[in-house]
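A.B. asks: Structure of the sequence below:
(chains A and B)
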Amino acid sequence: MNVRLLVAATMVLALAACGPAPIDPYRQVGPNPYLPDIHQYLLPPMKVAKIVGWGDKTPTVAPGLQIKAMAKDLHDPRSIYVLPNGDILVVEADGPPAPVHRPKELVMNLLEKKAHSAVKGGNRILLLRDADGDGVPELQTVLIDHLNHPFGVVLVGSDLYVANTDAVVRFPYFPGEIQIREPGVKLTDLPGGPIDHHWTKSLTASPDGTKLYAGVGSNSNITENGIGAELGRAAIWEIDRATGAHREFATGLRNPNGLTFEPTTHQLWTVVNERDELGPDLVPDYMTSVKDGGFYGWPYSYYGQHLDPRVKPQRPDLVAKAIAPDYALSSHVAPLGLVFYTGSNLPPQYRGGAFVGEHGSWDRTQLNGYKVVYVPFANGRPSGSAQDVVTGFVGSDGAAHGRPVGVAMDSRGGLLIADDAGNVVWRVTAAGS
Amino acid sequence: MSIYASQAAARLRRHPVHTLLAPIPFVCFLGTLFTDVVYWRTADMQWANFSVWMLVAGLVVSVLVVLAGLVDFLADPGLRAQRAAWVHGAGDAVALVLAILNAFIHSRDAYTSVVPWGLFLSAVVVVILVAVGRNDRGLVYRAGSGPTAEDRP
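C.D. replies: You can find the predicted model right below:
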């Protein structure tokens, strides 16, 4: 009798777990996304594509483009930065071990494991040199080793800044250098462990080079680790390069990555991973310009004043001033990379706008993301729908060959993509170039 | 009141496993209700964490309690003839299903992992278990160090 009841209960739970049917993601791409009603699950969908690697396959590119692996068999490449002399830095990193504070986290940690490459992260920065521009590096070295879960990197003058998960560290860099032996000097501590839920710290510098901007993701999905764990988090920090002093430049950004200044307006932009477990189509991830002192909702609300019932106590004073982001990318796509294309190698339709690396969903029965898209811009603002540029990361059998993360433009206008599950750096150029 | 004293089939040394373990889930589920109430009043996540660990611990031990109870029930035709034994099994089964449901609710993030449905289910589970316990006064195990028929009022 008990067994039958258990089976029946399990079936009811399985049904409840399905939730509402997912909508067409393109209804949530653009400045005014459709926002359905909240659906709180009994058992949220946990579906990530199993990682199988590429073999001899490559991703699929839009017409007029070609793609080639620039480096293979890497160790968790997450972000890419191109130096003035054309050398390409590849940051290899894995996340810090996640603590178990609730039984749920045992399951979530297993899911995380499945979603990522079995290769251990290098936690270092590689240098690739492709002087003749044929997409095949003549030289590959380890520029800086033994970093602490690094992600962001930016060069200002002869100072190379690396955003470890717990600090911004400065290294001396001289043009042409292929290995830095000097120890780094800490500029500023960043919120790190012991929880460190969103650990990737994106980094960029102001156009005049006086300030650094670091993305510091939230320490939870939606404050389930307590609001005290969120001190200084879900924010973009502005760090004074001379003194290391910092302030919160903008807040309420759940997990901001891909910090980049738009080249024509010199405004700071970011891509943000929004909250999970409110349904397959909530809350859409987004890209947005970032206003000084702006509050973007997390955790209390999303897209302006849409309240999240999971947050207590609420803060009506903050919600009242919450800014709706500029451009939705649709739900759970997990954008982690952003680059404005200022080159001239790619066909004209890809110039002036932004490429976004979408790592891909876990909180949805139909996968979303797992691709690189292009968002056209005009006058420094998004103008038109995002287009798929690089796809095929997930095969027709539902298994993933790789997952895109950081994106960058190389000195010859090639689009570079870090693939942390396939352990590849891809290079996209105009077909026949 | 007539008392039926069963010779438990599932024993650890001489102790009936079912009665040996049954208090553990009850205490866990009662604790869950207590910390749920404190979370509801304080919104301090640590209390909700206590709740979900106790709830899951209660469920894990419940598996053993149910197995031992089923063995006893199937092995003793005299016990199966007791209406109170059927009520006991059905009541516990309902409580267990609701507690499983409650574990899923408690696995949500932050406030709605407890308020309102987690707190409600925690209370219902405790009420059912108390009611089943009152019904159980007609059932005891013979042998071992547990209470005997003579000990009961």
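A.B. asks: Quick check: B:Tyr99 vs B:Val37, distance?
C.D. replies: If you look again at residue B:99, you'll see it is Ala, not Tyr. According to CB to CB, to the nearest Å, B:Ala99 and B:Val37 sit 17 Å apart. C-beta: built from backbone N, CA, C; applies to glycine.
A.B. asks: cool, A:Pro97 as well?
C.D. replies: 34 Å.
A.B. asks: more neighbours, those two?
C.D. replies: The residue with more neighbours, out of A:Pro97 and B:Val37, is B:Val37; 16 against 10, by other CB atoms under 10 Å in any protein chain shown.
A.B. asks: From start to finish, how long is stretch A:147-159 in a straight line?
C.D. replies: Criterion CA to CA, to the nearest Å; first-to-last residue distance in stretch A:147-159 is 17 Å.
A.B. asks: so how far is it from its chain's centroid?
C.D. replies: Centroid displacement of stretch A:147-159 relative to its chain, using CA atoms, centre = their mean, to the nearest Å, is 17 Å.
A.B. asks: what does chain B put close to chain A?
C.D. replies: B:43-46, B:49, B:52-53, B:56, B:66, B:70, B:89-90, B:92-94, B:96-97, B:100-101, B:103-105, B:107-113, B:115 (CB under 8 Å from any CB of the partner chain).
A.B. asks: in chain B, which spans are helices?
C.D. replies: B:17-21, B:23-42, B:45-75, B:77-80, B:83-106, B:117-135 (DSSP state H).
A.B. asks: Can you give the distance of the fifth one from its chain's centre?
C.D. replies: Read it as helix B:83-106. Distance, stretch centre to chain centre, for helix B:83-106: 8 Å (CA atoms, centre = their mean).
A.B. asks: And it, what's buried?
C.D. replies: B:84-85, B:87-89, B:91-106 (16 or more other CB atoms under 10 Å in any protein chain shown).
A.B. asks: swap in the third one?
C.D. replies: For helix B:45-75, a neighbour-count test (16+ other CB under 10 Å) marks B:45, B:47-59, B:61-62, B:64-66, B:68-73 as buried.
A.B. asks: A:Ala430 touches A:Gln349, doesn't it?
C.D. replies: No - between A:Ala430 and A:Gln349 there is no contact, the gap being 11.1 Å when judged by CB atoms under 8 Å.
A.B. asks: More neighbours: which of the two?
C.D. replies: Taking neighbours as other CB under 10 Å, A:Ala430 and A:Gln349 compare with A:Ala430 leading, 15 against 12.
A.B. asks: In CSV: the helices of chain B, plus distance to A:Phe249.
C.D. replies: Converted to CSV, those look like this (distance: least, CB to CB, whole Å):
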stretch, distance to A:Phe249
helix B:17-21, 56
helix B:23-42, 33
helix B:45-75, 28
helix B:77-80, 71
helix B:83-106, 37
helix B:117-135, 38
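A.B. asks: Now those in TSV, please, with extra columns for mean pLDDT and distance to A:Arg412.
C.D. replies: Converted to TSV, the helices of chain B look like this (pLDDT from 0 to 100; distance: least, CB to CB, whole Å):
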stretch	mean pLDDT	distance to A:Arg412
helix B:17-21	92	70
helix B:23-42	98	58
helix B:45-75	96	51
helix B:77-80	91	82
helix B:83-106	95	53
helix B:117-135	95	57
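A.B. asks: Figure out which of these is closest to A:Gly209.
C.D. replies: Closest to A:Gly209 of the helices of chain B is helix B:45-75 (CB to CB; 41.3 Å).
A.B. asks: Just to check, A:Ile239 is in contact with A:Leu190?
C.D. replies: No - look at A:Ile239 against A:Leu190 with CB under 8 Å: they stay out of range, at 9.1 Å.
A.B. asks: what do those two both touch?
C.D. replies: A:Val168, A:Ala214 (CB atoms under 8 Å, 6 or more residues apart in numbering or on different chains).
A.B. asks: Phi and psi next, for A:Val168.
C.D. replies: Main-chain torsions, A:Val168, degrees, to the nearest 10: phi -90, psi 130.
A.B. asks: which ones are touching it?
C.D. replies: Going by CB under 8 Å, 6+ apart, the list of residues near A:Val168 reads A:Tyr161, A:Val162, A:Lys186, A:Leu187, A:Thr188, A:Leu190, A:Lys201, A:Leu203, A:Leu212, A:Ala214, A:Ile239, A:Gly244.
A.B. asks: In PyMOL, select just the buried ones from these.
C.D. replies: Here is the PyMOL command that picks out the buried ones among these, judged by 16+ other CB under 10 Å:
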select buried, chain A and resi 161+162+187+188+190+201+203+212+214+239+244
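A.B. asks: From the contacts of A:Val168, which land in strands?
C.D. replies: Among these, the residues falling in strands (DSSP state E) are A:Tyr161, A:Val162, A:Lys186, A:Leu187, A:Thr188, A:Leu203, A:Leu212, A:Ala214, A:Ile239.
A.B. asks: Quick check, pLDDT for A:Val119.
C.D. replies: In this prediction, A:Val119 carries a pLDDT score of 89.
A.B. asks: mind listing what it touches?
C.D. replies: Counted by CB under 8 Å, 6+ apart, A:Val119 has contacts A:His75, A:Asp76, A:Asn423.
A.B. asks: measure it to B:Tyr111 for me?
C.D. replies: A:Val119 sits 39 Å away from B:Tyr111, going by CB to CB.
A.B. asks: repeat for A:Val216
C.D. replies: From A:Val216 across to B:Tyr111, the span is 24 Å (CB to CB).
A.B. asks: Show me which of those two is the more surrounded one.
C.D. replies: Counted by other CB under 10 Å, A:Val216 and B:Tyr111 do not tie: A:Val216 has more neighbours, with 28 against 24.
A.B. asks: neighbours around the residue nearest to A:Pro207 when sequence neighbours are not counted, how many?
C.D. replies: Spatial nearest neighbour of A:Pro207, chain neighbours left out: A:His266 (5.2 Å); criterion: CB to CB, 6 or more residues apart in numbering or on different chains. Using other CB under 10 Å, A:His266 has 11 neighbouring residues.
A.B. asks: Likewise for A:Ser158?
C.D. replies: A:Ser158: 11 surrounding residues under other CB under 10 Å.
A.B. asks: you'd agree A:Asn123 is up against A:Ile144?
C.D. replies: No - using CB under 8 Å, A:Asn123 is not in contact with A:Ile144; the gap is 10.0 Å.
A.B. asks: Between the two, which is the more surrounded one?
C.D. replies: Of the pair A:Asn123 and A:Ile144, A:Ile144 is the one with more neighbours under other CB under 10 Å, namely 25 against 21.
A.B. asks: Which residue comes closest to that one once chain neighbours are left out?
C.D. replies: A:Ile125 (4.6 Å).
A.B. asks: tell me the pLDDT at A:Glu230?
C.D. replies: Each residue has a pLDDT score; the one for A:Glu230 is 98.
A.B. asks: That one touches A:Ile222, doesn't it?
C.D. replies: No - here A:Glu230 does not reach A:Ile222: they are 10.3 Å apart, not a contact under CB under 8 Å.
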